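S.K.: any chance you can model this:
(one chain, ligands or ions: 1)
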Amino acid sequence: MGYSGFRVIKEGLFGQKGWKPVWRDPEPKAEYDAIIIGGGGHGLSTAFHLAKEHGMTNIAVLEKGYIGGGNVGRNTTIVRANYFLPGNSEFYSHSLKLWETMEQDLNYNVMHSQRGLINLFHSDGQRDAFARRGNAMVNQGDDAILLDREGVREHLPYLDFDNVRFPIYGGLYHPRGGTARHDAVAWGYARGADQRGVDIIQNCEVTGIDIENGVVKGVQTSRGAIKAKKVAIVVAGRSGQVAEMAGMRLPIESHVLQAFVTEGLKPVIDHVVSFGMGHFYISQSDKGGLVFGGDIDFYASYASRGNLPMKEHVMDAAMTLMPMIGKAKVLRSWGGIMDMTPDGSPIIDRTQTEGLFIDCGWCYGGFKAVPGSGFSLAHLMATGNHHAPAAKFRLDRFRSGIGLMDEEGTGSQHNLH
Ligand SMILES: Cc1cc2nc3c(=O)[nH]c(=O)nc-3n(C[C@H](O)[C@H](O)[C@H](O)COP(=O)(O)OP(=O)(O)OC[C@H]3O[C@@H](n4cnc5c(N)ncnc54)[C@H](O)[C@@H]3O)c2cc1C
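M.R.: The predicted structure follows:
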């Protein structure tokens, strides 16, 4: 079923009765060519790209809950390509290009809005670091403009520029950065994969991974055993637990990341803005709510809700940067489980088990990676070769120490990224 302006008018005139479910609800088959464990953004995007780019359609996505119930439906929707280090830089650049054609590729409105992202800086040293990052972005072929204080004021007049502790010196402007409607991305990929023959099986928890003589043979699930020649673990915050089913101990810690939304307000924040002196960032949703967040809670946890000290920390930063926000009422807060690597960069790789692949370690930045990650993992699974933009996301870098990509420069510690 396609979407068009004509279809919307026709359905409006005839009681909206012609719409059909956008993906089927199939029973699991006994065997598939490939199984993707996890129906989040990355799993669905992988299945879509396996079918679209490589003609593999005998595939199942196994999701223990419902599509969109994980981090793909919990994030603050920021999409950007403002990375500094080789490895990350080319990958996120490729992913942003896929965002720019996603709505046409999926024939689905994901409300991708390139409203621009501004990262603020508050000292001379920070200006130097951002200038360097901006140059790296431009060298990569992406866009970056270094704004001085008055340049920032033209875009964001409501900020507290003269805060005594953290005056604003300027900002790095990334015009192609922005937001998208998160759950529409999951639904769009689910629909696109289903249309190409992929079975999306919800309420199907993987409970074991079958391996014989070092070769993957299939999975055990809450709905029975399913055989497969290739299996990919794409379960974000649950990566450690699922990898353990294959006898692997991953270099991952799971931490909670919280987010907040206010009551709906008239348009006031046009861009995505991030504070340079505390982990706080904000944008305004199309419904009018101010959507914001900060740092991860610093202890390892599988709970999808966070603690009060982090809420206080985020609110403090919000009030420091834009005191006007104090008038808005916070409606909701929630949490998601982040798969944090020691260097803050992700993993897309084979494992020690033949036919078993892993895609994880997206930390708090994996939403923008959804198209790129699915494209690259599908490439690896179908061809056996790493896709060039993701070639540095190797698992063994944590054993050898060679090729670590510590974007934040904070050292090899999960909770600091
Ligand atoms: C509050 C918050 C804000 C964020 N903000 C941003 C942002 O602004 N920009 C950005 O780029 N990123 C952001 N992120 C990060 C981003 O959401 C994640 O990195 C990304 O969504 C993770 O990939 P995913 O979509 O595949 O994960 P998920 O949607 O979590 O998918 C994993 C799926 O695996 C399933 N699963 C787990 N175990 C099993 C099993 N045993 N069997 C079957 N299925 C299983 C889960 O149910 C889940 O649906 C944010 C995250 C949070 C929580």
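
S.K.: if we look at the stretch of helix or strand Leu120 belongs to, which residues are touching it?
M.R.: According to DSSP states H and E, Leu120 maps onto strand 117-121. Here strand 117-121 makes contact (Cβ atoms under 8 Å, 6 or more residues apart in numbering) with 78, 80, 82, 127, 129-130, 147, 152, 155-156, 159, 168-174, 177-178, 271-276, 321. Quick note: C-beta positions are derived from backbone N, CA and C, even for glycine.

S.K.: let me see the mean pLDDT of the longest helix seen in the chain.
M.R.: Using DSSP state H to define each element, the chain has its longest helix at helix 88-106. Averaged over helix 88-106, pLDDT sits at 97.

S.K.: same deal with stretch 65-80?
M.R.: Stretch 65-80 comes out at a mean pLDDT of 96.

S.K.: re the thing from before, and the longest helix of the chain, does that touch the ligand?
M.R.: No - if you take Cβ under 6 Å from any ligand atom as the test, helix 88-106 misses the ligand, and the best it gets is 9.3 Å.

S.K.: show me what counts as buried in that helix.
M.R.: Under the neighbour-count criterion of 16 or more other Cβ atoms under 10 Å, helix 88-106 has 88-99, 102-103, 106 buried.

S.K.: what's the answer for stretch 321-339, then?
M.R.: 321-322, 325, 328, 330, 333-339.

S.K.: tell me how many other residues crowd Met315.
M.R.: For Met315, the count of nearby residues is 17 (other Cβ atoms under 10 Å).

S.K.: how near is the nearest residue to Asp270 once chain neighbours are set aside to Gly178?
M.R.: Leaving aside its chain neighbours, Asp270 sits nearest to Arg115 (5.9 Å; criterion: Cβ to Cβ, 6 or more residues apart in numbering). Arg115 sits 4 Å away from Gly178, taking Cβ to Cβ, to the nearest Å as the criterion.

S.K.: over to Ile233?
M.R.: With Cβ to Cβ as the criterion, Ile233 and Gly178 are 30 Å apart.

S.K.: what pairs with the strand holding Leu120, parallel or antiparallel?
M.R.: In the sheet, strand 117-121 lines up against strand 170-174 (antiparallel), strand 272-275 (parallel) (DSSP bridges).

S.K.: any chance of those strands in TSV, plus mean pLDDT, mean neighbour count and distance to the ligand?
M.R.: Supplementary listing: the strands paired with strand 117-121 in TSV, determined by pLDDT from 0 to 100; neighbours: other Cβ atoms under 10 Å; distance: least, Cβ to the nearest ligand atom, whole Å:
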stretch	mean pLDDT	mean neighbour count	distance to the ligand
strand 170-174	98	25	13
strand 272-275	97	24	8
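
S.K.: tabulate the ones you listed (JSON lines), appending distance to His386.
M.R.: JSON lines is the format used below for the strands paired with strand 117-121 (distance: least, Cβ to Cβ, whole Å):
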{"stretch": "strand 170-174", "distance to His386": "27"}
{"stretch": "strand 272-275", "distance to His386": "31"}
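
S.K.: show me the one of those that comes nearest Arg238.
M.R.: strand 272-275 (27.9 Å; Cβ to Cβ).

S.K.: hmm, who's touching the closest one?
M.R.: By Cβ under 8 Å, 6+ apart, strand 272-275 touches 78, 80, 115-120, 156, 159, 166, 177-179, 280-283, 317, 320-321.

S.K.: surely the residue nearest to Asp270 touches His174?
M.R.: No - at 10.6 Å, Arg115 and His174 do not qualify as touching, with contact defined as Cβ atoms under 8 Å.

S.K.: quick revisit: just the buried residues of stretch 321-339 now: which is nearest Arg399?
M.R.: Asp339 (18.0 Å).

S.K.: ok but the closest one is inside a strand, no?
M.R.: Yes - counting by DSSP: H, G, I helix; E, B strand; the rest coil, Asp339 is part of a strand.

S.K.: stretch 341-352: end-to-end distance?
M.R.: This stretch, stretch 341-352, spans 19 Å end to end (Cα to Cα, to the nearest Å).

S.K.: what does stretch 396-411 give?
M.R.: 18 Å.

S.K.: count the residues that sit near whichever residue of the stretch 51-200 of the chain sits closest to the ligand.
M.R.: Across the stretch 51-200 of the chain, the shortest distance to the ligand (Cβ to the nearest ligand atom) belongs to Gly70, at 2.5 Å. Look at Gly70: counted by other Cβ under 10 Å, it has 26 neighbours.
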